[in-house]
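[1] Predicted model and sequence below, questions to follow.
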Amino acid sequence: MSKPDYITLPLRLKTSDTIFGRLHNILFITTSVLTTLYRYYVHGPESPKWTLRFHVIKNILHNYLSESLPHTTPNDLTEQIDFSFIARYIEMNNLPSRALTPDAGCNREFLIDAAALCMPYRLERYGESGNKLNVLAEADREAGRKISCQVVVGASLCGCTCSSERLLDAQPLCADERAILHFHGGAYCVGERSLTHLYVYASMSQATGLRVFSPNYRLAPAHCFPRQLHDCFLAYRHMLLVGFQPHNITLAGDSAGGALVLALLLVLREMQMPLPRNLLLVSPWVDATCSGRSWVTNQGKDYLPGLTLEDPFHPTRMFYEAGRRLDQHMLEELRCPLVSPVFGSFEGMPPMLVQMGRDELLRDDIAEFVHKVQKQSKEPAVLQSYKDMPHAFILLHFAESAKRAFECMREFLEQH
């Protein structure tokens, strides 16, 4: 379809990086803040656990996710949307990244060579999804693409005897170093290099005493499934090839990143590759079809909006195949375990800690997944539910529940 045939969409945020575009965003954020202040001081906090700062960030997130794209666009118009423009629009409105402050920790970005890490995927069980991964691996072997990764160290570790330069090295600090490989959330569309996630990594490192590595995997809708999974697979391969032992690696992820952790485990198990020591999952997006009852019952409690799959801008749609109309065939494809891990089999999985907010839309999907793992796996699968907390609440790292969640991660890693 040629460019003139695309439909024009009503967009709330800046569509060009000009003074007028920036004013649009200032007005958008200011309106969210003032509305929150009014509700907070007139009607009181929604929950005694929520500070004013918590309310402000939660409502900005909700307004951004529910209003920045026209979610009333009919499914029939999907093929008339210029998703390359939507990808630029989303990127343009992401918050700019900056380095951590010294009181939080230190971080550095490094590159890994995708071509040197690629190998054939032996995933006959997963049909077309496995074929897509092999196409990506072949393309990377020819193109020589690089993947950027973050290494983050908590503030207390920065003050140890190692120099900060040594701490931020991509190789193990010693032969038996334990480390966390974390895949960020953000509905597969945002989260790359975000300051919010850097603070999550720093808090995780501070609590556990381990360094945290995180790949900046490719984002939708510019890059659709399974590119994110392929990049995460290569990041895990990199950890092994530079000298980290699999039994010293903890795989972690929040939201979409949690789904990527589980999909990667299914790939590793199918290919008979070594599995990591254990898992830390926060609000993992285990069902891309969003079938759990809490998608209805928890609406209004979470900052996630209650979107439907009929919406072309639903994160599932943009992640899986942006620009393709939803039909019954796509719904069946979304039940592939590499897309929706809840439909997979989890015998032989390593120990896992799963944390979720009791008020989040994904609550029932996550509970069903953990129940399934507990029945299938011999290793423990621990589920922790945090009262009055929304989806991926550790992003609000200053909240008491988030601080407790990081401490529980430390306790779990000490036990397993």
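    Good, I have the coordinates. Numbers count the residues shown, from 1 in each chain.
[2] what's the following helix or strand after the least confident helix or strand in the chain by mean pLDDT?
    Counting by mean pLDDT, DSSP states H and E, the weakest-scoring helix or strand in the chain turns out to be helix 164-167, with a mean of 78. As assigned by DSSP states H and E, the chain's next helix or strand after helix 164-167 is strand 179-183.
[3] partners of that following strand, with directions?
    Partners of strand 179-183 in the sheet, by DSSP bridges, are strand 211-215 (parallel), strand 249-254 (parallel).
[4] quick revisit: now find how far off-centre the least confident helix or strand of the chain is within its chain.
    On the basis of CA atoms, centre = their mean, to the nearest Å, helix 164-167 sits 27 Å off its chain's mean C-alpha point.
[5] ok, and for that helix, which residues are buried?
    The neighbour-count check on helix 164-167 (16 or more other CB atoms under 10 Å) flags residue 167 as buried. Just so you know, the C-beta spots here come from the backbone N, C-alpha and C atoms, and that holds for glycine as well.
[6] What is the neighbour count of residue 329?
    Counted with other CB atoms under 10 Å, residues neighbouring residue 329 total 9.
[7] I'd like the average pLDDT over the helix or strand containing it.
    Counting by DSSP H and E, the element that carries residue 329 is helix 328-334. For helix 328-334, the mean per-residue pLDDT is 95.
[8] re the thing from before, how about the strands paired with strand 179-183 in CSV, adding mean neighbour count, mean pLDDT and distance to residue 328?
    As requested, the strands paired with strand 179-183 are exported to CSV (neighbours: other CB atoms under 10 Å; pLDDT from 0 to 100; distance: least, CB to CB, whole Å):
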stretch, mean neighbour count, mean pLDDT, distance to residue 328
strand 211-215, 26, 97, 34
strand 249-254, 27, 98, 30
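[9] Out of these, flag the one nearest residue 196.
    strand 249-254 (10.4 Å; CB to CB).
[10] Now do the helices in the stretch 201-350 of the chain.
    Counting by DSSP state H, counting those that start in this stretch, the stretch 201-350 of the chain has helices at residues 227-241, 256-270, 294-297, 315-321, 328-334.
[11] what's the distance between the helix holding residue 329 and the middle of its chain?
    22 Å.
[12] show me where pLDDT drops low in the stretch 101-250 of the chain?
    Along the stretch 101-250 of the chain, the model assigns pLDDT under 70 to residues 159-164.
[13] try 90
    101-104, 142-144, 155-167, 191-196 (pLDDT under 90).
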